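1. build me a model from this:
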Amino acid sequence: MALAEEAADQHDRPMSKRRLQSAALRAVTVLALVSIWPAQVVSAQQVSSDEPPYEQQLMRLSEIFGALHFLRPLCKETDSPSWRDQMEDFLDAETLDENRRRRFIERFNQGYRGFSVAYRECTDAARLAMGQYLSEGETIITDVTSRYGR
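-> Okay, the predicted model is just below:
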């Protein structure tokens, strides 16, 4: 299983008013779905007794990394290392078990694909989502490291 790669085609064509309205509607729909997604995932998955108590937070962090890997370059933000590289470092540090590693990769790819289907250009909604994800990721990292020393 591989981490999502950046899309080669950035669709630089100008958009008609109807296509812009359609894209805005899709963006709002995606944001609404993404905002409720974590609650559904937590209730739908059984937490194994072998998993650390912060497992769901790390799964969410993987999804955030994937979303930022798509959104940041779309909005012409350059990060070094890239969010994909940061995810690789995270995987190397956090996963010895191949099944667990696959679950983290799946969540990264879900985060990436969730935005790649709705956005072809940087919008105010994309910038808002990016800011919220940066904040949420920072909160998760702070919480996990302060509570569990990870």
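
2. tell me, please, where in the protein the pLDDT is lower than the cut-off.
-> Residue ranges of the chain with pLDDT under 70: 1-49, 150.

3. residue boundaries of the helices in it?
-> Taking DSSP state H as the test, the helices found in the chain are 17-44, 55-74, 83-94, 98-116, 124-148.

4. other SSEs contacting the last one?
-> Other elements packing on helix 124-148 under the criterion 3 or more CB pairs under 8 Å, 6 or more residues apart in numbering; DSSP states H and E are helix 17-44, helix 55-74. Quick note: C-beta positions are derived from backbone N, CA and C, even for glycine.

5. ok, 6 Å please
-> helix 55-74 (3 or more CB pairs under 6 Å, 6 or more residues apart in numbering; DSSP states H and E).

6. same question, the second one
-> In terms of contacts (3+ CB pairs under 6 Å, 6+ apart), helix 55-74 is packed against helix 83-94, helix 98-116, helix 124-148.
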